[in-house]
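Undergrad: Have a look; sequence and predicted model below, questions after that.
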Amino acid sequence: MKINWILLGLLSGPLSVSVGLAAEKPSQGIRKIKDVVIYSDARFHCAFPSVEQRPDGELLVAFRRAPERRLLGEKRTFHTDANSQLVLVRSADEGETWTNAPQLLYAHAFGGSQDPGLLQLRNGTLLCSSYGWAWLRPEGVAQLKPPVIKAHLDGFTFLGGYLLRSADGGRTWQGPIYPPHVLPETGLDPYGVPLPAFNRGAMIEGKSGRIFWVVAAHESIAPRKVSTQLLASDDKGLTWTHLGVVARDEKASFTETSIYETPRGELVAFMRTENLDDAACLTRSTDGGRTFQPWRSMGFQGHPLQAMRLPDNRVLLVYGYRHKPFGIRARVLNPECTDFTAAPEVVLRDDGGSVDLGYPWATMIAKDRALVVYYFNRADGPRTIEGTVVQLE
């Protein structure tokens, strides 16, 4: 076995890399300052980060970490892994340095966990959404009854979603909290129980204190057909109510979705799509999530997306780009997110080594600077958690 990865040894620890200043384009809304490596270890496949800034300025980055199977002689490393865990690193200096050893956030009792999505509430409570896959031996797989959802990798079956809560800045976590089964979801877990709601994407705490979370639902498993549905919590994430459909289509599917509340109080859902040539789409609710307008393509490719309010109420929208040149992109939208067709696209990274990268998430780190975190690779080598610092303009 030959592993010929760029910087294999160098990337086995936290470091920062400055790449110089991008050309100034005031109309773009942001200017790239530098890229940083937040966490890397060639023994692990690290992916799907989210980030929050604590009230005292400390930064938290949660991500999924699993063994890099190619180092163990296997041909590929997959996103489903029985040893996939949720971990957390911290920075007390605006992202310049990070804790060396990740803190274990959560290890699922029945399988691997994916895609931790952080949300910090106004009272300081942290929520983290995730979902899991269980690995079964062949005799167990043979006993599964439809419509159990299986992964592309033999032996894995879907467990559905769950949430965790922390009242002490992420040092300890309570849970799992299982959200309700959403009626359009047809899938069952390996025990034959209807799946709890799940999705990867940013939740939002609205001005009223209500928390909104867009989840996915397999309306059909074969052929695959997925819609998005809206859940709401009025007790800080302990219990959830299904409000209704966000987006559904006869041909297209909508999956990993982040939701955003505008100053006017409208809810905007930014959705990853399937069977739409990787088009980024959105839909909008003007009545608190009871109904949503017909979905629209935003006119560009990329996924998944996450939106963050800037100090002047503009919106930083970030997304992965899994077409050559592979990387990370962004746009700055107006406060109501209505100018998505006109907002210039800003290329934050275009040096990725393969399609297995992206999933960006942004937070403010100073009054005029933001950090965009994501997972990345060079020359299809180790997957690392990295970031780009941008200057607001």
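TA: Great, that's in hand.
Undergrad: wait, what's in contact with the nearest residue to L59 once chain neighbours are set aside?
TA: Nearest residue to L59 in three dimensions, chain neighbours excluded: S91, at 4.3 Å (CB to CB, 6 or more residues apart in numbering). No exception for glycine: its C-beta is placed from N, CA and C like everyone else's. Residues in contact with S91 (CB atoms under 8 Å, 6 or more residues apart in numbering) are 38, 58-59, 61, 97-99.
Undergrad: ok, now with 7 Å
TA: By CB atoms under 7 Å, 6 or more residues apart in numbering, the residues touching S91 are 58-59, 97-98.
Undergrad: I figured E386 hits S40, correct?
TA: No. Counting by CB atoms under 7 Å, S40 is not a contact partner of E386; they are 8.1 Å apart.
Undergrad: Looking at the two, which is more packed in?
TA: E386 (26 against 22; other CB atoms under 10 Å).
Undergrad: And the more buried one, what's its pLDDT?
TA: We have a pLDDT of 98 for E386.
Undergrad: Confirm that it sits in a strand.
TA: Yes. Counting by DSSP: H, G, I helix; E, B strand; the rest coil, one finds E386 located in a strand.
Undergrad: how close does it get to A134?
TA: 30 Å (CB to CB, to the nearest Å).
Undergrad: cool, T157 as well?
TA: From T157 to A134 the distance is 6 Å (CB to CB).
Undergrad: what sits up against the host helix or strand of V215?
TA: Using DSSP states H and E, V215 sits in strand 211-220. Residues outside strand 211-220 that contact it (CB under 7 Å, 6+ apart) are 129, 149, 161, 182, 184-187, 197-199, 201, 203-206, 225-233, 237, 246, 255, 257, 259, 267, 269, 289.
Undergrad: Please repeat the previous calculation with a cut-off of 6 Å.
TA: Outside strand 211-220, the residues that touch it by CB atoms under 6 Å, 6 or more residues apart in numbering are 182, 184-187, 197, 199, 203-205, 225-233, 237, 246, 255, 257, 259, 269.
Undergrad: Quick one: low-confidence residue ranges for this protein.
TA: 1-27, 152-153 (pLDDT under 70).
Undergrad: 90 instead, please
TA: Across the chain, residues meeting the criterion (pLDDT under 90) sit at 1-27, 145-146, 149-154, 222.
Undergrad: Over to the residue of it most remote from its centre. Which of the three states is it?
TA: Note on the chain: the largest C-alpha distance from the chain mean falls to E139, namely 33.5 Å (CA atoms, centre = their mean). Following three-state DSSP, the label given to E139 is helix.
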